[in-house]
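**Student:** I would like to see how this sequence folds:
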Amino acid sequence: MPKLSDTMTEGVVAEWTKKVGDKVASGEVLAEIETDKATMEFESFYDGVLLHIGVEKGQTAPVNSVLAVIGQAGEDISTLLAGASAPAAAPVKEEPKPAATAPTPVPVAAPVAPAAVTPAPAPVASSNGNGRVIASPLAKKIAEEKGIDIAAVAGTGEAGRIVKRDVDHYVPYTPAQRSFTAAPAGEESFTDENISQMRKTIARRLAESKFTAPHFYLTLDIDMDNAMKARKSLNAMEGVKVSFNDMVIKAVAMALKQHPTVNSSWLGDVIRRNHHVHIGVAVAVDEGLLVPVVRFADSKGLTQIGAEVKDYAQKAKDKKLQPSDWEGNTFTISNLGMFGIESFTAIVNPPDSCILAVGGIKEVPVVKNGSVVPGNVMKVTLSCDHRVVDGASGAAFLQTFKNYMENPVNMLL
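**Tutor:** Predicted coordinates for the structure are as follows:
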């Protein structure tokens, strides 16, 4: 079982694309593995025959346990399996062995080395302008069996390649219907759903953070009148599209450069003061939450940040994010303002020491120059790990962030 993400401790075999006895070519997709971040295709590193499946479809196995054995037809793998820690529930499957065949070393599907974490593209139908559809052989086969036009299926694989899950989840377009079926009145009903690897990891990591790191919270109101005017002026320029979230990321990044205490990580024996600024941006997906990282955000412009976040959000929804996209954050932002949430508190995303919860902009009466006038206010709440950040340090950071948001021209200097 390969380790396909930095936090992965176990994986679930979502699907096997080969069965025992099938020939396997190097680079050919063997299985789909559900990790704590996404479902990824696992490709063979060897040419040969699939002699043994160590983890059946739907089963969970820890990283480094025997996933499969690939060798030559007829090889005796009983000794190999006896010395390996294969899951007890997975029965040993062998091909009949010829009497004259001598045992030879058999390669075992092993954890992927760091350089091989990003799966290499499997042999697919390439598209070079001649109208051919980019799809895996298995996806084409299933589409043909189901009578699905493969060209109508949206691909979520590497470079938009159509893979098995895309065909499995494909729903042909049909006109909307107004009828629906509901449970009879007075009848109790429920549905039990299996917990995904992503949800398991979210539960474990956030529980550890909440019950291990002593949290405290600082809330601040920010006058957004100038920010709204600046955004309107910027978006009036041709080809420019800036969101409030882009402005928040930029302001946070610049404030962190002035307050390295907040841009720190608790590592148990040491506190790491990060001199670089990598902002994690929480993105909601169906299975839970992913946090892609905008690297060196303090040195990037608003439009560059906006394009990067938009690209990450789409990749997250399409399950195309790679481990390099979500690793290395030094600070995290969670923005629920677009959902009408006025304010909330967030749980620190380890190993970060802080996370900023951003609410929506609300029009309220404010006092300016001694008079009550309409104003636009945004509430933000900074959650801090008290082992790293003290109240005064967190408050000073928020004041600097507030100054940038209320005077956005300073972010452009």
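**Student:** where in the stretch 1-150 of the chain is pLDDT low?
**Tutor:** 5-7, 36-38, 84-132 (pLDDT under 70).
**Student:** just the CA coordinates of stretch 359-373, formatted as PDB?
**Tutor:** What follows is stretch 359-373, C-alpha atoms only, in PDB (Å, rounded to 0.1, in the frame of the first residue of the first chain):
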ATOM      1  CA  GLY A 359     -17.100  36.400   8.000                       C
ATOM      2  CA  GLY A 360     -19.200  38.300   5.500                       C
ATOM      3  CA  ILE A 361     -19.400  42.000   4.900                       C
ATOM      4  CA  LYS A 362     -22.500  43.500   6.600                       C
ATOM      5  CA  GLU A 363     -24.000  46.900   6.300                       C
ATOM      6  CA  VAL A 364     -24.400  48.400   9.800                       C
ATOM      7  CA  PRO A 365     -24.700  51.800  11.400                       C
ATOM      8  CA  VAL A 366     -21.200  53.000  12.500                       C
ATOM      9  CA  VAL A 367     -19.900  56.200  14.200                       C
ATOM     10  CA  LYS A 368     -17.600  58.300  12.000                       C
ATOM     11  CA  ASN A 369     -16.500  61.800  13.000                       C
ATOM     12  CA  GLY A 370     -19.100  61.800  15.800                       C
ATOM     13  CA  SER A 371     -22.000  61.000  13.500                       C
ATOM     14  CA  VAL A 372     -23.900  57.700  13.000                       C
ATOM     15  CA  VAL A 373     -23.700  56.800   9.300                       C
END
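**Student:** And residue 257, how close does it get to residue 64?
**Tutor:** Distance of residue 257 to residue 64, given as CB to CB, to the nearest Å: 40 Å. C-beta: built from backbone N, CA, C; applies to glycine.
**Student:** For residue 290, report the pLDDT, please.
**Tutor:** pLDDT for residue 290: 84.
**Student:** cool, residue 355 as well?
**Tutor:** Looking at residue 355, the pLDDT reads 96.
**Student:** where's it, which helix or strand?
**Tutor:** For residue 355, the host element (DSSP states H and E) is strand 354-368.
**Student:** which strands and helices sit next to that strand?
**Tutor:** Helices and strands touching strand 354-368, by 3 or more CB pairs under 8 Å, 6 or more residues apart in numbering; DSSP states H and E, are helix 244-258, strand 331-335, strand 371-385, helix 391-406.
**Student:** could these go into JSON lines alongside mean neighbour count?
**Tutor:** Putting the helices and strands packed on strand 354-368 into JSON lines (neighbours: other CB atoms under 10 Å) gives the following:
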{"stretch": "helix 244-258", "mean neighbour count": "23"}
{"stretch": "strand 331-335", "mean neighbour count": "24"}
{"stretch": "strand 371-385", "mean neighbour count": "18"}
{"stretch": "helix 391-406", "mean neighbour count": "18"}
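**Student:** For the ones you listed, give me a markdown table that also has mean pLDDT and distance to residue 44.
**Tutor:** Output for the helices and strands packed on strand 354-368, formatted as a markdown table (pLDDT from 0 to 100; distance: least, CB to CB, whole Å):
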| stretch | mean pLDDT | distance to residue 44 |
| --- | --- | --- |
| helix 244-258 | 96 | 40 |
| strand 331-335 | 96 | 37 |
| strand 371-385 | 95 | 43 |
| helix 391-406 | 97 | 49 |
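**Student:** closest to residue 43 out of the ones you listed?
**Tutor:** Between residue 43 and these, the tightest spacing by CB to CB is seen for strand 331-335, at 32.3 Å.
**Student:** Which positions in the strand holding residue 355 come out as buried?
**Tutor:** Buried residues in strand 354-368, counting neighbours by 16 or more other CB atoms under 10 Å, are found at 354, 355, 356, 357, 358, 359, 360, 361, 362.
**Student:** In CSV, list these along with distance to residue 301.
**Tutor:** Below are the buried residues of strand 354-368 laid out as CSV (distance: CB to CB, whole Å):
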residue, distance to residue 301
354, 24
355, 24
356, 20
357, 25
358, 20
359, 25
360, 25
361, 22
362, 28
